[in-house]
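>>> Structure for this input, please:
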Amino acid sequence: MSSASPRLRSIYRSFLRELPPRPVLAKARSPIHQRLRDHFNPAQAPAPGELAVAQAEQYLAYVRAQRTYVTLLERYNPGMGMDEEERVRLTARRVGMELPVEYGQGQ
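Down below sits the predicted model:
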């Protein structure tokens, strides 16, 4: 276990970096934080084999890829979270037009 310990610690810390940050003063850990801690705790879990370490590295690569995907999706599709009216208004402004004030809205 001693030869795999720095490697496992590195994987564990990498998983924690990929998770959303938690408030410093929060007393309770989130369920995913607790599950990771239990899984990587050498006192509670038996020494993992090379297959388990390789699977953990693959899961880590998947989590990183998902985070990168979401980041790129938000960057290149900025109107994804907007409602239809806001998207139309911003599209019109982009080409130099202003939408007319609708009847009843300007009152």
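
>>> neighbours around residue 8, how many?
Using other C-beta atoms under 10 Å, residue 8 has 19 other residues around it. (C-beta placed from N, C-alpha, C; glycine too.)

>>> Please name the residues that touch it.
Each residue near residue 8 by C-beta atoms under 8 Å, 6 or more residues apart in numbering is listed here: 40, 42, 48, 53, 56.

>>> mind checking the backbone torsions on residue 73?
Backbone torsions for residue 73, taken as degrees, to the nearest 10, come to phi -60, psi -40.

>>> Touching, it and residue 81? I think so.
No. Applying C-beta atoms under 8 Å as the test, residue 73 and residue 81 come out as separate, 10.8 Å apart.

>>> How about the residue most central in space within the chain, nearest residue that isn't a chain neighbour?
Nearest to the geometric centre of the chain sits residue 67, at 4.8 Å (C-alpha atoms, centre = their mean). Nearest residue to residue 67 in three dimensions, chain neighbours excluded: residue 18, at 6.1 Å (C-beta to C-beta, 6 or more residues apart in numbering).
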